[in-house]
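>>> Sharing a model that was predicted from the sequence below.
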Amino acid sequence: MSSCCSAPEPKTPSPGFRRALWFALWVNLTMFVVEGIASFQSGSVSLMADAIDFFGDSANYLLSLSVLSMGMLWRGRAAMVKGVTMTVFGLAVLARAIWVAQSGITPEAVTMGAVGFLALAANVSVAWILFRYRSGDSDMRSVWLCSRNDAIGNVAVMVAALGVFGTGTAWPDLAVAAVIGSLAVTSGISVMRHARSDISDARLSHGHSH
């Protein structure tokens, strides 16, 4: 999921890049609300999982905007908060999937498909805006991996909607939700691991500078 990538940071943040980050933040927050509401109205756990992914991305862009000019220690701390949040959200999706599986609720496929398509359009627009501000190959790669992973998640939700429509059961929705939820947990743990090493590196270099 894209939530495992941090928003790209050019060497000298331009005003245009800051504006692009704000655009990305608002698109992701809007889609978090839209998909969140749609997930409860349609009973779809994969939509809920995708909504949480949008929330993770929003947190990313907000953190990038706030720590754009801060040192590694604060970036590390911000990443740690994000990693913990992603892990908790991932576990919440898995718990919800288990609950829905036991309760036998079948989600509403048309809403799932329509909102999944809207989410795909939102992700493509963010990727297109941010792509212009890539500086260097690793940054370019990271934003495209993020966008690609997001798009795969959106397509998976649409495929799940077709599966629900075709089978009349919740299993396609639950399978996609389980994958997205598991990705959120593993990504969150990996972000926490990186954050821990960033924080200790920053403390070491801070200690040496005294």
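Structure received. Numbers count the residues shown, from 1 in each chain.

>>> same for the helix or strand encompassing residue 176, what does it pack against?
In the assignment (DSSP states H and E), residue 176 maps to helix 171-209. Where contact means 3 or more C-beta pairs under 8 Å, 6 or more residues apart in numbering; DSSP states H and E, helix 171-209 is packed against helix 45-66, helix 72-103, helix 137-167. C-beta: built from backbone N, CA, C; applies to glycine.

>>> Let me know which of those is tucked in deepest.
Mean neighbour count (mean count of other C-beta atoms under 10 Å) peaks for helix 45-66 among these, with a mean of 25.

>>> what angle separates it from helix 171-209?
Angle of helix 45-66 versus helix 171-209, following axes from the mean of the first three to the mean of the last three C-alpha atoms, to 10 degrees, is 20 degrees.

>>> Just the CA trace of helix 45-66, in CSV.
The C-alpha trace of helix 45-66 is given here as CSV (Å, rounded to 0.1, in the frame of the first residue of the first chain):
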residue,chain,number,x,y,z
VAL,A,45,-14.8,-4.3,4.3
SER,A,46,-12.5,-3.9,1.3
LEU,A,47,-13.8,-0.3,0.9
MET,A,48,-13.1,0.3,4.6
ALA,A,49,-9.6,-1.0,4.1
ASP,A,50,-9.0,1.3,1.1
ALA,A,51,-10.4,4.2,3.0
ILE,A,52,-7.9,3.6,5.8
ASP,A,53,-5.2,3.5,3.1
PHE,A,54,-6.3,7.0,2.0
PHE,A,55,-6.1,8.1,5.6
GLY,A,56,-2.5,6.7,5.8
ASP,A,57,-1.6,8.7,2.7
SER,A,58,-3.2,11.9,4.2
ALA,A,59,-1.1,11.4,7.3
ASN,A,60,2.0,11.0,5.1
TYR,A,61,1.4,14.2,3.2
LEU,A,62,0.6,16.1,6.4
LEU,A,63,3.8,14.8,8.1
SER,A,64,5.8,15.7,5.0
LEU,A,65,4.4,19.3,5.1
SER,A,66,5.1,19.7,8.8
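
>>> still on that earlier bit, and the helices and strands packed on helix 171-209: which comes nearest residue 200?
Nearest of the helices and strands packed on helix 171-209 to residue 200, taken as C-beta to C-beta: helix 72-103 at 8.4 Å.

>>> And the average pLDDT for that closest one is what?
Helix 72-103 carries an average pLDDT of 87.

>>> for it, packing partners?
The contact analysis (3+ C-beta pairs under 8 Å, 6+ apart) places helix 72-103 against helix 45-66, helix 171-209.

>>> now these in JSON lines, with distance to residue 127?
Converted to JSON lines, the helices and strands packed on helix 72-103 look like this (distance: least, C-beta to C-beta, whole Å):
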{"stretch": "helix 45-66", "distance to residue 127": "11"}
{"stretch": "helix 171-209", "distance to residue 127": "18"}
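
>>> For residue 27, which of those is the nearest?
Nearest of the helices and strands packed on helix 72-103 to residue 27, taken as C-beta to C-beta: helix 45-66 at 8.6 Å.

>>> Could you tell me the angle between the direction of the closest one and that of helix 72-103?
Going by the same axes, to 10 degrees, helix 45-66 makes 170 degrees with helix 72-103.

>>> and helix 45-66, how far from the chain's centre?
Relative to the centre of its chain, helix 45-66 is centred 4 Å away, using C-alpha atoms, centre = their mean, to the nearest Å.

>>> Done for today, thanks.
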